[in-house]
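Colleague: sequence and predicted model, in that order:
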Amino acid sequence: MILLARHGETDDNREPERIQGSRDVRLNATERCQAGELARRARELAGRAPRSLWSSQLARARETAAIAGRQLGLDARVDARLAESHRGRWEGRLWRDIEREEPDGYARWRRAGETFRFPGGESLGEHRDRVLAALAEIRAGSAAPVVVVCHGGTIRVALCAAEQRGLDAFHELAVPNGALLRL
């Protein structure tokens, strides 16, 4: 069993929301205090203590995993394939500015889908493919239950792989900061 956990909140996740993508943004102070709750919730959802812990290489996920890992007695193994999508030239900008300044690009983003590509970044299909490859290796080589601390987009592309509509369902899946979902 794999449990997918979204990292805790960063200041960029607060309104007005800023596009993080592959930027290395740290957790805010409030979320550092709350990240320890992830260990308790993972035990409850799995029905026992997780035996493996994985994380993306980005600071917000690594920090969340380290806090949970202390509670679980586990060190996180890092896999860069679990990172958020590389969002190219949109990274660091406010979503509301993208919507206003690049309405056609923003509309394409809201439709998502297999071929959507961030300007200067990666496509959702590429993101999904690298995430699924990482999860397959984790499933094959790690003692279960496994907790994977990653990102909202990473969780969405993994869940979309099981959706009949595929990546067309990307924006229909809510994955708030601190979410923990069974894959």
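Modeller: Cool, the structure landed.

Colleague: Val175: what secondary structure?
Modeller: Secondary structure of Val175, reduced to three states by DSSP: H, G, I helix; E, B strand; the rest coil: coil.

Colleague: report the contact partners of it.
Modeller: By CB atoms under 8 Å, 6 or more residues apart in numbering, the contact list for Val175 reads 6, 152, 155-156, 181. All C-beta atoms are positioned from the backbone trio N, CA, C, and that covers glycine.

Colleague: recalculate using a threshold of 7 Å.
Modeller: With contact taken as CB atoms under 7 Å, 6 or more residues apart in numbering, Val175 is in contact with 6, 152, 155-156.

Colleague: and the gap between Glu172 and Ala107?
Modeller: Counting by CB to CB, to the nearest Å, the gap from Glu172 to Ala107 is 16 Å.

Colleague: burial of Ala179, as a residue count?
Modeller: 16 (other CB atoms under 10 Å).

Colleague: all helices for the protein, in order.
Modeller: 29-34, 37-46, 59-72, 95-101, 103-111, 124-141, 152-160 (DSSP state H).

Colleague: which of these sits closest to Ala83?
Modeller: helix 152-160 (7.0 Å; CB to CB).

Colleague: hmm, who's touching the closest one?
Modeller: 4, 6, 56, 82-85, 124, 127-128, 131-132, 135, 166-167, 169-170, 173, 175, 181, 183.

Colleague: ok, so of the contacts of Val175, who is nearest Arg18?
Modeller: For these, the nearest to Arg18 is Gly152 (13.5 Å; CB to CB).
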